[in-house]
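Undergrad: here is a sequence with its predicted model. Questions after.
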Amino acid sequence: MDYSENKPIWPGSSSFSSGKTPFGFFDADPSFQTEADSFAKFAANHVGYPIMDVELIDINFYTAFEAAVIEYSNQVNQINIVNNLVNTLGIKTGSDFFSSQGLTGAVVGNSMGYITKLAKAYGTEADSGGNVKWYSASIDVQDGKQTYSIREAVSASLGIEVTNNNGIEIKRVLHNTPPAIIRYFDPFVGTGLGSQQMLDAFDFGGFSPSVNFMMMPIHMDLFRIQTIEFNDRIRKSHFSFDIHGDDIRIYPVPGTQGTMSTPFYDKVWFEFIFEEDKTNDGVLFGNSALLNDVISDASNIPYTYQKYNNINDMGRSWIYRYGAALIKETLGYVRNKYSNVPIPGGEVTLNGSDLVSQGQSEKDALITQLREFLDKLTKEQMLTRQGTEATQQMEILAKVPLKIYIG
């Protein structure tokens with residue numbers, strides 16, 4: 001439709017049809033179609049029609065009506081995003097879960113998906129899970145040599161070159177003291193426990209194994225193992241290691257103090273992860289190239305404009321008033337173009353500036369009113385209100401007199 005040529009001002013009635021709004025978001029909605037012309041009359045009457053001419057045409061009214069619905073949807077969706085963003089983080093925006101309306105009109109419940117993904121990232125640090133793959137490599141130990149290159153060990157074991165851009169993080173070095181149990185006398189034959197004389201006193205010494213007739217508390221075995229381990233830790237150079245940059249130093253010196261000489265003790269294994277994998281896992285939900293555009297923030301959570309047909313009377317009342325304020329502002333801009341109109345014997349001063357000021361003030365007041373109302377509907381505020389109500393209810397119930405029981 002061409003509006004480039006001069007058009008007569010709005011005659012007092014109009015007929016809405018699809019395509020008369022700039023975006024056409026609601027043109028197919030029957031309720032929007034029905035109320036568009038009613039809104040035009042409502043807004044025109046607010047600026048003086050029919051006593052005064054309104055220097056606008058039908059599309060100005062339809063544009064203001066559409067803009068008011070868009071603004072209302074925007075304000076409502078801001079609160080929806082605040083309430084539901086955490087519960088939708090990581091969901092694919094292109095998922096079949098979403099209809100053409102996205103999340104608009106849907107009730108979003110609590111989800112553990114975000115918390116689970118967050119826990120997996122923590123699991124990588126705590127060695128209790130996570131998504132980062134662990135690798136194993138070994139160091140070829142030589143008698144008398146303590147210091148070895150980690151990079152060379154990874155390259156020799158896996159054929160992977162470790163660079164500054166592809167560094168590794170050691171998670172575990174499998175270099176431990178030989179288990180104490182291998183130096184523990186066999187408790188099932190009584191050897192070394194100093195209890196053989198007791199068994200002989202009970203005439204159990206002739207049985208094999210005689211220890212079957214003796215019940216010892218389990219803590220006796222634990223104390224004996226602990227004694228062996230404390231001896232190794234205090235009196236010997238304990239099995240340990242230091243990592244400085246690319247080098248790992250092994251204690252004690254290989255080939256001494258129970259480490260056994262090569263070739264029996266020829267490797268020390270260690271487990272590691274690549275720092276790049278860890279960094280990528282820190283981006284909890286990956287990137288759009290891998291996960292087809294997931295919900296990551298307020299900018300891509302799929303809330304669309306509200307269906308006008310589903311907006312209740314309270315919302316429509318706000319839309320009518322906001323649209324009328326837009327019309328008042330638009331008319332003010334039109335009249336400001338010719339603020340003084342000559343007439344026979346003088347001139348008429350139009351009220352364009354007043355209309356612009358009034359329209360802007362009314363819009364600001366309506367936005368403030370709607371925001372204050374919607375802010376009360378956040379989950380945080382509703383939980384606070386429910387807690388207050390529950391406390392007040394308990395105080396009321398506490399004042400109810402109790403029945404006196406007479407037996």
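TA: Thanks, I have the structure now. Numbering: from 1, shown residues only.

Undergrad: in stretch 323-342, what's buried?
TA: For stretch 323-342, the neighbour count (16 or more other Cβ atoms under 10 Å) marks G323, A324, A325, L326, I327, K328, E329, T330, L331, G332, V334, R335 as buried. From N, CA and C alone the C-beta is placed, and that goes for glycine too.

Undergrad: got the domain ranges for this protein?
TA: If you go by automatic domain parsing, the domain ranges for the chain are 30-84+305-393, 128-282.

Undergrad: re earlier: can you put the buried residues of stretch 323-342 in TSV and add pLDDT?
TA: Shown next, in TSV, are the buried residues of stretch 323-342 (pLDDT from 0 to 100):
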residue	pLDDT
G323	97
A324	97
A325	97
L326	97
I327	96
K328	96
E329	96
T330	95
L331	94
G332	93
V334	91
R335	89
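
Undergrad: quick one: mean pLDDT for stretch 385-404?
TA: In this model, stretch 385-404 has a mean pLDDT of 90.

Undergrad: how far out from the middle of the chain is that stretch?
TA: Taking Cα atoms, centre = their mean, to the nearest Å, one finds stretch 385-404 lying 37 Å from the centre of the chain it belongs to.

Undergrad: what ranges do the helices span in this structure?
TA: For the chain, helices defined by DSSP state H occupy the ranges 30-46, 58-88, 113-126, 150-158, 196-201, 218-235, 275-282, 288-291, 313-337, 352-375, 379-398.

Undergrad: which stretch among the domains of the chain comes nearest V400?
TA: With Cβ to Cβ as the criterion, V400 lies closest to domain 30-84+305-393 of the domains of the chain, at 11.2 Å.

Undergrad: rank the helices of the chain by pLDDT, which is bottom?
TA: Here the helices of the chain differ in mean pLDDT, and the lowest is helix 288-291 at a mean of 48.

Undergrad: tell me who's in contact with D29.
TA: Taking Cβ atoms under 8 Å, 6 or more residues apart in numbering, we find D29 in contact with K307, Y308, N309.

Undergrad: of those, buried ones?
TA: K307, Y308.

Undergrad: if we can go back for a sec, a markdown table please, covering the helices of the chain and showing distance to N166.
TA: What follows is these, written out as a markdown table (distance: least, Cβ to Cβ, whole Å):
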| stretch | distance to N166 |
| --- | --- |
| helix 30-46 | 58 |
| helix 58-88 | 34 |
| helix 113-126 | 17 |
| helix 150-158 | 10 |
| helix 196-201 | 62 |
| helix 218-235 | 37 |
| helix 275-282 | 6 |
| helix 288-291 | 19 |
| helix 313-337 | 56 |
| helix 352-375 | 49 |
| helix 379-398 | 43 |
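
Undergrad: ok, F272 - contacts?
TA: With contact set as Cβ under 8 Å, 6+ apart, F272 has these partners: W134, Y135, S136, A137, V154, I168, E169, I170, K171.

Undergrad: touching, the fifth one and I168? I think so.
TA: Yes: here V154 reaches I168: they are 6.6 Å apart, a contact under Cβ atoms under 8 Å.

Undergrad: what sits in contact with each of these two?
TA: The contact lists of V154 and I168 share Y135, V162, F272, where a contact means Cβ under 8 Å, 6+ apart.

Undergrad: among these, which are in strands?
TA: Judged by DSSP state E, strands contain the following of these: Y135, F272.

Undergrad: and the least confident of the shared contacts of V154 and I168?
TA: Lowest confidence among those: V162, with 80.

Undergrad: tell me the spacing between that residue and T304.
TA: 49 Å (Cβ to Cβ, to the nearest Å).

Undergrad: neighbour count winner among those two?
TA: Remark: of V162 and T304, V162 carries more neighbours, 21 against 16, as counted by other Cβ atoms under 10 Å.

Undergrad: quick one: contacts for the more buried one?
TA: V162 sits next to I150, R151, V154, S155, I168 when contact means Cβ under 8 Å, 6+ apart.

Undergrad: write a ChimeraX command that selects only the buried members of the residues you listed.
TA: Burial among those is assessed by 16+ other Cβ under 10 Å; the matching ChimeraX selection reads:
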select :150,151,154,168
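
Undergrad: N280: which of the contacts of V162 is nearest?
TA: Closest to N280, out of all of the contacts of V162 and judged by Cβ to Cβ, is I168, at 14.4 Å.

Undergrad: ok, for that closest one, nearest residue in space, not its chain neighbours?
TA: F272 (4.6 Å; Cβ to Cβ, 6 or more residues apart in numbering).

Undergrad: can you check S155 too?
TA: Computed as Cβ to Cβ, 6+ apart, the closest residue to S155 that is not its neighbour in sequence is E161, at 5.8 Å.

Undergrad: one more: I160?
TA: The nearest residue in space to I160 (Cβ to Cβ, 6+ apart) is V154, at 5.9 Å.

Undergrad: ok, now which ones touch G105?
TA: Contacts of G105 by Cβ under 8 Å, 6+ apart are Q306, K307, N310.

Undergrad: what number of residues lie near the last one?
TA: By the criterion of other Cβ under 10 Å, N310 has 12 neighbours.

Undergrad: out of the helices of the chain, flag the one nearest P11.
TA: Closest of the helices of the chain to P11 is helix 58-88, at 9.1 Å (criterion: Cβ to Cβ).

Undergrad: mind listing what's buried in the closest one?
TA: Neighbour counts using 16+ other Cβ under 10 Å place 58-73, 75-77, 79-82, 84-85, 87-88 of helix 58-88 among the buried residues.
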